[in-house]
Every structure is written in structure tokens, then in C-alpha cells.
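1. I would like the atomic coordinates for the input below:
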Amino acid sequence: MTHPGWFQRDRAGKVMYAVPHREYFAGFDFSNPDLRRYLVDTMCRWVERFGLDGMRFDDSDITPTDFLDEIRAALAAVRPDIALISQAYDEFHHLAACDLTYEGGTREMLRRVAHGEAGAREFAQYWNESTYGFPRGALRLRWLEDKEQPRAGAVFGHDAHLAAASVLLTMDGVPHILMGQEFGDSGWRDWTVLFEDWRLDWSKFDHAAFAHFSALIKLRRRHPALRRGATDFIDDLPDGVIGMVRSLDGERIGVYANLASTTAALPDGMGVPLYARGWDQDAGSLDAHGCLVAPLR
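-> Sure, this is the predicted structure:
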């Protein structure tokens with residue numbers, strides 16, 4: 001009402017938002033310099049007043065890249081270590097504006113491997129294409145569950161979800177865990193539940209799933225190779241098994257995740273496991289939906 005020129009309008013002059021299924025939102029008209037100045041000044045005040053160390057830009061694929069660059073410069077002047085997350089899959093957001101962009105292709109490829117629709121070779125090909133299509137060192141926010149998506153357990157199945165989490169939490173990038181995912185909450189539908197009286201269902205707490213997530217997160221924190229190391233995929237593994245080597249400063253860690261519903265034999269050459277689920281050391285086999293994280297000899 002007070003600044004009608006700050007909003008997008010359709011041909012009939014009605015306020016609109018250029019994203020499907022968001023008819024009740026009002027979209028900013030970023031061509032308006034007064035609007036840009038107001039938004040930047042507001043964000044700077046938030047950082048100064050509340051000590052915010054980061055911001056996430058929703059639907060940032062419809063925000064002009066030059067405005068994201070402008071926001072970054074202004075916020076960095078207030079707080080140099082500010083972290084900006086872009087909810088988009090745009091490589092250009094990494095050039096000057098954002099530290100993280102979303103990456104949902106990993107979830108889809110893991111789903112395909114778990115369902116027998118693709119193999120480890122296709123997974124590695126996707127990783128290479130998505131990694132080298134972005135600026136060097138660009139961090140991707142990888143997820144198995146996102147606010148737009150159903151629970152991973154519904155997509156993968158309970159045990160295959162845990163195997164997929166083994167890959168997510170030992171990969172490069174930044175793993176994203178949606179609230180409740182780590183203990184098997186099943187009440188989440190998609191982001192629309194946030195407009196309801198939604199609560200996490202603590203009565204469904206899955207202690208085994210929580211222990212699995214916790215162990216992998218601790219391992220990731222303890223071993224920099226799992227966070228920042230180079231990634232090399234392992235060839236010639238049984239169907240449904242994804243294997244990779246994460247290496248940094250002389251440390252080489254092998255990661256194997258069996259997304260198939262059958263037991264798989266793994267090659268020799270591994271040291272004492274750092275973490276394992278469903279691993280038979282004597283037989284050298286990995287149970288269905290099991291995982292193994294071990295230093296390489």
C-alpha cells in the first residue's frame with residue numbers, strides 16, 4: 001500500500017510473484033533502485049543489530065545476479081565473514097555473491113542407484129559433470145531431504161536411506177539435514193506443513209538411525225579428508241555399491257555404501273574400519289544397505 005512501485009505486476013496491474021504455486025506472495029520488482037537500497041539497508045541493520053553470521057536467499061534464481069553481488073559487498077563491509085546461501089542451482093552465484101548453492105542431483109542419483117535405475121558409474125559421471133561445471137572450490141549444499149520434498153525414508157525406504165546418508169555425510173560440499181531426518185520423523189510432508197500446527201513426532205524416534213547419523217557426523221568432523229579432500233571414485237564394484245576415496249595431506253579414506261538389497265563383496269586393501277554398518281571383516285562382504293568407512297593401506 002505504501003510502496004506500490006516496489007512490486008511485480010501482471011498485465012492487468014495485479015501484484016504477482018514469478019514462481020509457480022505462490023499466488024499469495026508479492027514479488028519484488030528489483031529494477032527499482034529505491035527498493036534495492038531499502039532491502040540492502042535492512043539486511044545490514046539485521047547483521048549489525050542481531051549479529052547474524054549468514055543469510056539464505058529463497059527462490060534466488062529469480063533475483064538478478066548483479067543485485068546478489070551488491071548485497072554481498074554491502075554485508076561484507078559490515079561483517080567480512082558473512083555466509084550467504086542461495087536456494088538455486090546457478091553457478092554464476094558463486095562468482096561474487098554466494099558461498100553455497102543448493103545441489104539436489106545427488107539425491108536423485110542415489111535414488112536411481114538404490115532402485116536399480118543407474119549404477120556407480122552414472123553416479124560418478126553426474127558428480128564430475130556437476131562439479132566441473134561450477135567454479136573451482138564452489139561449495140554445494142547437498143541434501144537427501146529438502147523443504148520441498150517428502151521424507152527420504154519414503155523415497156528410498158528406511159535402510160536404503162541410511163546407506164544414502166553414508167554417501168551424503170562423507171562427500172565433498174556441505175551436507176544439509178532437514179529437521180527430524182536424523183531420527184526418522186515421518187510427519188513432514190513438504191513445506192506447507194509449516195502453515196499448520198506441525199510438530200516433530202518424537203514418539204517415532206529411531207535410535208539406530210540417530211546413532212548412524214551421529215557417528216558419520218563425528219567422523220566427518222574428525223577427518224578433514226571427508227570434508228575438504230579430493231574425491232576419486234572406485235570402479236568395478238558390485239551393482240548398487242558406490243565407492244570413493246577421499247584424500248588430503250597423505251590421509252586416504254575409502255568409503256563404500258551398498259544401496260542394493262543384496263550382500264556385496266568388496267576388494268581387499270582396507271585398514272581397520274573407522275565406522276561400519278553391516279560389514280563382515282572375515283568374509284569381506286557388505287550387507288544390503290550397509291556402509292564401510294576405512295583408511296586405505
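
2. Model confidence for residue 160, exactly?
-> pLDDT for residue 160: 97.

3. Could you measure from it over to residue 40?
-> Noted for residue 160: a distance of 45 Å to residue 40, by C-beta to C-beta, to the nearest Å. C-betas here are computed from N, CA, C, even on glycine.

4. Tell me which of these two has more neighbours.
-> Counted by other C-beta atoms under 10 Å, residue 160 and residue 40 do not tie: residue 160 has more neighbours, with 25 against 16.

5. Let me know whether the more buried one touches residue 114 as I believe.
-> Yes: Residue 160 is within contact range of residue 114, at 4.4 Å (criterion: C-beta atoms under 8 Å).

6. Give me the residue at the spatial middle of the chain.
-> Nearest to the mean C-alpha position of the chain, by C-alpha atoms, centre = their mean, lies residue 142 at 1.9 Å.

7. For it, give the beta-bridge partners.
-> Taking DSSP bridges as the rule, residue 142 bridges to residue 103, residue 175.

8. Let me know the distance separating it from residue 23.
-> Noted for residue 142: a distance of 31 Å to residue 23, by C-beta to C-beta.

9. Kindly report the same for residue 114.
-> Noted for residue 114: a distance of 36 Å to residue 23, by C-beta to C-beta.

10. More neighbours: which of the two?
-> residue 114 (25 against 8).

11. got the contact list for that one?
-> By C-beta atoms under 8 Å, 6 or more residues apart in numbering, residue 114 lies in contact with 156, 157, 160, 163, 164, 240, 259, 260.

12. got it, and residue 61?
-> Going by C-beta under 8 Å, 6+ apart, residue 61 touches 87, 88, 89, 90.

13. again, only using 6 Å
-> Contacts for residue 61 (C-beta atoms under 6 Å, 6 or more residues apart in numbering) come out as 88, 90.

14. again with residue 134
-> By C-beta under 6 Å, 6+ apart, the contact set of residue 134 is residue 91.

15. which stretches of the stretch 51-200 of the chain form helices?
-> 65-78, 105-114, 120-132, 152-156, 158-168 (DSSP state H, counting those that start in this stretch).

16. winner for burial among those helices?
-> helix 158-168 (a mean of 25; mean count of other C-beta atoms under 10 Å).

17. I'd say residue 265 and residue 283 touch.
-> No: Residue 265 is beyond contact range of residue 283, at 7.8 Å (criterion: C-beta atoms under 6 Å).

18. What spatial separation is found between the nearest residue to residue 5 once chain neighbours are set aside and residue 9?
-> Among residues not flanking residue 5 along the chain, residue 32 sits closest, at 6.0 Å (C-beta to C-beta, 6 or more residues apart in numbering). The gap separating residue 32 from residue 9 is 12 Å, by C-beta to C-beta.

19. now the angle from the helix or strand harbouring residue 221 to helix 158-168?
-> Residue 221 is part of helix 207-222, with elements assigned from DSSP states H and E. Put simply, helix 207-222 runs at 10 degrees to helix 158-168, going by axes from the mean of the first three to the mean of the last three C-alpha atoms, to 10 degrees.

20. Helix, strand or coil: sort out residue 278 for me.
-> Three-state call for residue 278 (DSSP: H, G, I helix; E, B strand; the rest coil): strand.

21. And for it, the neighbour number?
-> Counted by other C-beta under 10 Å, the residues lying close to residue 278 total 18.

22. OK, contacts around it?
-> Counting by C-beta under 6 Å, 6+ apart, residue 278 touches 286, 287, 290.

23. what pLDDT does it get?
-> At residue 278, the pLDDT value in this model is 97.
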